[in-house]
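> give me a 3D structure for the following:
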Amino acid sequence: MISLIFKEEWDYTEEKPRTGELINAKKRIYPHFYYNDPKATDDKTRFNTMLYRLENTPVNGTSDFADEKLYQKYFTIHEIPVRGKTTVLRKTLSAKQKRTMVTLLL
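Got it, this is the predicted structure:
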């Protein structure tokens with residue numbers, strides 16, 4: 001597991017409702033980013049399996065109503081009278097999903 005910790009400061013101003021006094025201070029935040037390589041491998045394998053299942057389902061003619069949103073999100077489906085249904089993966093969405101799937105922010 002890989003972890004990264006950053007410190008960020010910013011100026012904070014607050015007006016107290018009763019007295020109208022202005023409070024000026026510095027606030028800090030310490031975000032922790034964790035990357036878990038075994039979990040990333042498992043998630044990518046699970047995601048690729050789901051994409052493979054979705055890709056073959058409309059070609060075989062066994063479409064599932066629950067997967068319709070996933071079809072529209074990750075695939076472009078073309079229906080040609082001569083060749084039947086063909087699916088084309090939208091690579092930008094699937095690559096983005098794989099990239100952001102295992103980062104944890106605390």
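
> need the three-state assignment for the residue of the chain most remote from its centre.
Most distant residue from the mean C-alpha position of the chain: residue 19, 45.2 Å away (Cα atoms, centre = their mean). What DSSP: H, G, I helix; E, B strand; the rest coil gives for residue 19 is coil.

> mind checking how far it is from residue 3?
Here residue 19 is placed at a distance of 43 Å from residue 3 (Cβ to Cβ, to the nearest Å). Where you see a C-beta, it was placed from the backbone N, CA and C, and this is true even at glycine.

> and the lengthiest helix in the chain, what does it pack against?
Longest helix in the chain, counting residues (DSSP state H): helix 37-60. Helices and strands touching helix 37-60, by 3 or more Cβ pairs under 8 Å, 6 or more residues apart in numbering; DSSP states H and E, are helix 68-74, strand 75-80, strand 84-89, helix 91-100.

> what residues are bridge-paired with residue 3?
Residue 3 forms beta bridges with residue 34, as assigned by DSSP bridges.

> and it, what is it in contact with?
32-35 (Cβ atoms under 8 Å, 6 or more residues apart in numbering).

> tell me the pLDDT at it?
pLDDT recorded at residue 3 is 71.

> kindly report the same for residue 20.
90.

> same question, the one 3 residues further on
Residue 23 carries a pLDDT score of 92 in this model.

> confirm that it sits in a strand.
Yes - according to three-state DSSP, residue 23 belongs to a strand.

> can you count the residues close to the closest residue to it other than its chain neighbours?
Distances taken as Cβ to Cβ, 6 or more residues apart in numbering place residue 14 nearest to residue 23, at 4.7 Å, with adjacent residues excluded. As a burial measure, residue 14 scores 10 neighbours (other Cβ atoms under 10 Å).

> need phi/psi at residue 14.
Main-chain torsions, residue 14, degrees, to the nearest 10: phi -140, psi 140.

> what confidence value was assigned to it?
Reading off the confidence values, residue 14 has pLDDT 92.
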